[in-house]
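> Dropping the sequence and predicted coords here.
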Amino acid sequence: MTFEQALARLEEIVSRIETGDAGLEESLRLFEEGVALARLCRAQLDRAEARIRVLVEGPGGELLEHEFTAAPERRETSEDEGQ
């Protein structure tokens, strides 16, 4: 299953659960399927990230290749809100 297919199915599952039309057993089955799909998507994203390399310009103008590392997400704190 491709990333796009898994994501589309995951969106269908979320929509179905949010409507409240599914019974308890179906909701649990959908939830379990959704967790498996989320793990699949995460694994595919991790593999893609491992393949990405960043080119940066060195001091002499030459291109240097570096491993890509995602910047940690910045979380706002109550202190940030007051500034």
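Happy to help now that I have it.

> low-scoring stretches of the chain, by residue?
Across the chain, the ranges flagged by pLDDT under 70 are 53, 55, 68-83.

> Please enumerate the strands of it.
53-57, 63-67 (DSSP state E).

> which residues in the chain form helices?
3-19, 24-51, 78-81 (DSSP state H).

> Mind checking those helices for the one nearest to Glu67?
In terms of CB to CB, the element of the helices of the chain nearest to Glu67 is helix 24-51, at 8.6 Å. Using the backbone N, CA and C atoms, a C-beta is placed for each residue, glycine as well.

> list the buried ones in that closest one?
For helix 24-51, the neighbour count (16 or more other CB atoms under 10 Å) marks Leu30, Gly34, Leu37, Leu40, Cys41, Gln44 as buried.

> between those residues, which is closest to Phe3?
Nearest to Phe3 among those, counting by CB to CB, is Gln44 at 4.7 Å.

> wait, what's in contact with the closest one?
Phe3, Ala6 (CB atoms under 8 Å, 6 or more residues apart in numbering).

> Next, format the strands of the chain as a markdown table and append distance to Leu10.
Listed next are the strands of the chain as a markdown table, based on distance: least, CB to CB, whole Å:
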| stretch | distance to Leu10 |
| --- | --- |
| strand 53-57 | 28 |
| strand 63-67 | 29 |
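
> Need those strands in JSON lines (columns: distance to Met1 and mean neighbour count).
Formatted as JSON lines, the strands of the chain follow (distance: least, CB to CB, whole Å; neighbours: other CB atoms under 10 Å):
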{"stretch": "strand 53-57", "distance to Met1": "26", "mean neighbour count": "9"}
{"stretch": "strand 63-67", "distance to Met1": "28", "mean neighbour count": "9"}
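
> Quick one, which of these gets closest to Gln5.
Closest among the strands of the chain, once you apply CB to CB, is strand 53-57, at 26.6 Å.

> how near is the residue nearest to the spatial centre of the chain to Met1?
In the chain, the residue lying closest to the centroid (CA atoms, centre = their mean) is Arg42, at 5.6 Å. Distance of Arg42 to Met1, given as CB to CB, to the nearest Å: 14 Å.
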